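Asker: take this sequence and fold it.
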Amino acid sequence: LTPLQCSFNGLTMGPNTAYGLTKIEGLDRPAVRSGNTARPRTRGESIGLDLLSGRDITLTMDIMTDGTSFAHAIGALRNATAPAGTTEVPFFINLAGITYAVMCRAVKRAIPIDINYVLGGLAKDTAVMWHATDGYIYLAPTGTASAGIATPAGGMRFNITFNLSFGGAVSANSVTCMNSGDTESYPILTVTGPCITPSMTLGSMPGNPTLTFGLSMN
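Answerer: Next comes the predicted model:
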């Protein structure tokens, strides 16, 4: 995508397309879902947890021919923004050369049929709204990093004298993930076998909190 271009369900909108954007709304901070509750029999409120709500993104655009026809451009928009049930797909937008993504569904579309539409082949002030249940805007592609499976240490060599302890030893691998955004974000951790009793330790926190799973993975 080039600056100010958007993409949804494979349809690119914005500069140098049939969908000339005139306004983009909903990219600032979404509404806050307040957990405050009214104090009974006194003034004020009890402080609750404030969390971001979902997000609505609205594009206002003028639609013209896409090189095939005006009707083809209208049909492509209708196909891309058809109802999607419970499936959210990424809405991509390029701002100042950086591409961001919001997982959302198209929830509203208004294509005016007026004199411009009938005589001029122009759907002026068409509006499409998307709703995202996750109000965050993410960098695209999402940051990824990986570390190999822990490496077993070498075993003992015979001849040696009993009694012996045959405890296993491994050398753990580590990976550093940097959140370059301006709010907290939660990583998705994936363990790919083969391994036994996979374990993950957050080495940057005091006490090295660890998740261990009693699994034998192929």
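Asker: for Ser216, which residues are in contact?
Answerer: Neighbouring residues of Ser216 by C-beta atoms under 8 Å, 6 or more residues apart in numbering: 196-197. C-beta: built from backbone N, CA, C; applies to glycine.
Asker: and the longest strand along the chain, what does it pack against?
Answerer: Secondary structure of the chain per DSSP state E: the longest strand is strand 98-110. Strand 98-110 sits against strand 55-63, helix 70-80, strand 89-95, strand 123-132, strand 138-139, with contacts defined as 3 or more C-beta pairs under 8 Å, 6 or more residues apart in numbering; DSSP states H and E.
Asker: for these, give me JSON lines that also has mean neighbour count and mean pLDDT.
Answerer: Formatted as JSON lines, the helices and strands packed on strand 98-110 follow (neighbours: other C-beta atoms under 10 Å; pLDDT from 0 to 100):
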{"stretch": "strand 55-63", "mean neighbour count": "20", "mean pLDDT": "97"}
{"stretch": "helix 70-80", "mean neighbour count": "16", "mean pLDDT": "97"}
{"stretch": "strand 89-95", "mean neighbour count": "18", "mean pLDDT": "96"}
{"stretch": "strand 123-132", "mean neighbour count": "20", "mean pLDDT": "97"}
{"stretch": "strand 138-139", "mean neighbour count": "14", "mean pLDDT": "91"}
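Asker: for Asp182, find the nearest of those.
Answerer: Taking C-beta to C-beta, strand 138-139 is the member of the helices and strands packed on strand 98-110 nearest to Asp182, at 11.4 Å.
Asker: turn the helices and strands packed on strand 98-110 into a markdown table, including distance to Asn116.
Answerer: Compiled in a markdown table, those are given as follows (distance: least, C-beta to C-beta, whole Å):
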| stretch | distance to Asn116 |
| --- | --- |
| strand 55-63 | 9 |
| helix 70-80 | 11 |
| strand 89-95 | 26 |
| strand 123-132 | 5 |
| strand 138-139 | 37 |
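Asker: between the ones you listed, which gets nearest to Thr176?
Answerer: Of all those, it is strand 138-139 that lies closest to Thr176, at 16.9 Å by C-beta to C-beta.
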